[in-house]
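Engineer: Give me coordinates for this.
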Amino acid sequence: MMEFLASAKESFMTALPGLAIRLVVLIIIFSCAKPVLNGILRVTRVALRKNKVEPLLETFTISLVKTLYYIAALFIVVSTIGIQATSLVTVLGTAGIAVGLALQGSLSNLAGGILILMFKQFSKGDYISNNGGIEGTVDEIHILYTTLNTPDNKRIVIPNGQLANNAIINFSKNPERRVDLMFSVSYDTPMEKVEKILKDIMDKNPKILHDHNNMIKMFKHNASSIDYIFRAWVKKEDYWDVYFECMSEVKRIFDENHIEIPYQKIDIYTKK
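Structural biologist: I've put the predicted structure just below:
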């Protein structure tokens, strides 16, 4: 037993200088890792902005550089500890199937991000919907996910694969949009009167593009009302202003002209 302890002590004392050196190297690596990464990212950003790349491509590239840096740092740390990098690669290669299955979703998201940037389905600042109830303004795209900001300032993180493989509605891509409204009036209201009022409202709104194919037409005979469609082309940034202005103006003018907007009513009769 004493011989074993003496041998262990001798082995430890022999290995101690090497362990001390490795510990010092690890401390240096960890202390310098963040400043070096920040410097690399700073240089990368300057180079990308100098070449005037799209903001989404910039965030994607920064995310990719970070990932590659962390992988390289991992191999450096492993080598410093004493594990051969080739041994680590061999282990990963042996477990290739398991690793491949584990990373399948991540690789799909990486490919999705590349496809989004390649085909430019949307840009930073565009308001999009994935046709599944998720919508917002595009903020950043990373190698695995895209971030959106909702109108009430919530942050949505969507995997790139989901965006690349599903239908996307881009509300900001085209410079002009059409405001589609529908107004209902009672059957006893003259058609000419309704159409004239709606046309006056449309003509007086300066944000509506009057040289476009705007439309006011009777649309449908409902059970208790006549429905009129009101379609006006506007610049995309004026869409909601025109929408709310027309809604409030129609109600005001209809009230002034004693035009009834039908609503559900229940008539109760009593028998004596």
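
Engineer: How much space separates the closest residue to A33 other than its chain neighbours from T61?
Structural biologist: Nearest non-adjacent residue to A33, counting by CB to CB, 6 or more residues apart in numbering: A73, 6.0 Å away. Glycine gets a C-beta too; all of them are placed from N, C-alpha and C. Computed as CB to CB, to the nearest Å, the A73 to T61 distance reads 18 Å.

Engineer: more crowded one of these two?
Structural biologist: T61 (18 against 15; other CB atoms under 10 Å).

Engineer: Give me the buried stretch members for the strand or helix carrying the more buried one, please.
Structural biologist: Taking DSSP states H and E as the criterion, T61 maps to helix 55-81. Neighbour-count burial for helix 55-81 flags 55-66 (criterion: 16 or more other CB atoms under 10 Å).

Engineer: and those residues as TSV, adding distance to P206?
Structural biologist: Shown next, in TSV, are the buried residues of helix 55-81 (distance: CB to CB, whole Å):
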residue	distance to P206
P55	32
L56	34
L57	38
E58	38
T59	38
F60	40
T61	43
I62	43
S63	44
L64	47
V65	48
K66	48
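
Engineer: Quick check on C32: phi, psi?
Structural biologist: Backbone torsions of C32, given as degrees, to the nearest 10, read phi -90, psi -10.

Engineer: ok, it - contacts?
Structural biologist: Residues counted as contacts of C32 (CB atoms under 8 Å, 6 or more residues apart in numbering): none.

Engineer: just to revisit the earlier point, I'd like to know which elements the helix holding T61 is packed against.
Structural biologist: Where contact means 3 or more CB pairs under 8 Å, 6 or more residues apart in numbering; DSSP states H and E, helix 55-81 is packed against helix 2-50, helix 85-94, helix 104-119, strand 135-141.

Engineer: if we can go back for a sec, look up how far K173 lies from the residue nearest to A33.
Structural biologist: In terms of CB to CB, A73 sits 40 Å off from K173.

Engineer: any idea which element I158 lies in?
Structural biologist: strand 155-159.

Engineer: Any regions of this structure where pLDDT drops low?
Structural biologist: 1-22, 24-25, 82-105, 265-269, 272 (pLDDT under 70).

Engineer: The same query, at a cut-off of 50, please.
Structural biologist: In the predicted model of the chain, residues 12 satisfy pLDDT under 50.

Engineer: domain assignment for it?
Structural biologist: Domain ranges of the chain: 11-102, 106-170, 176-256, per automatic domain parsing.

Engineer: Return the most buried member of those domains.
Structural biologist: domain 106-170 (a mean of 16; mean count of other CB atoms under 10 Å).

Engineer: start to end distance for that one?
Structural biologist: 25 Å (CA to CA, to the nearest Å).

Engineer: Then stretch 139-150?
Structural biologist: Stretch 139-150 stretches 10 Å from its first residue to its last (CA to CA).

Engineer: now what about that stretch, what contacts it?
Structural biologist: 56, 59-60, 63-64, 67, 106, 109-110, 113, 116-117, 124, 128, 134-138, 155-160, 163.

Engineer: do that again at 7 Å, thanks
Structural biologist: By CB atoms under 7 Å, 6 or more residues apart in numbering, the residues outside stretch 139-150 that reach it are 56, 59-60, 63-64, 67, 106, 109-110, 113, 116, 124, 136-138, 155-160, 163.

Engineer: just to revisit the earlier point, please verify my assumption that the residue nearest to A33 contacts V36.
Structural biologist: No. Judged on CB atoms under 7 Å, A73 makes no contact with V36 at a distance of 9.0 Å.

Engineer: For the closest residue to Y243 other than its chain neighbours, give its distance to F122.
Structural biologist: Leaving aside its chain neighbours, Y243 sits nearest to V179 (5.3 Å; criterion: CB to CB, 6+ apart). Distance, V179 to F122, using CB to CB: 22 Å.

Engineer: again with G113
Structural biologist: Distance from G113 to F122, by CB to CB: 12 Å.

Engineer: Over to N170?
Structural biologist: Applying CB to CB to N170 and F122 gives a distance of 5 Å.

Engineer: hey, what's in contact with both of those two?
Structural biologist: Contacts common to N170 and F122, judged by CB under 7 Å, 6+ apart, are I128.

Engineer: where along the stretch 101-250 of the chain do the strands fall?
Structural biologist: For the stretch 101-250 of the chain, the strands defined by DSSP state E, counting those that start in this stretch cover 127-129, 135-141, 145-149, 155-159, 169-170, 176-185, 215-221, 226-235.
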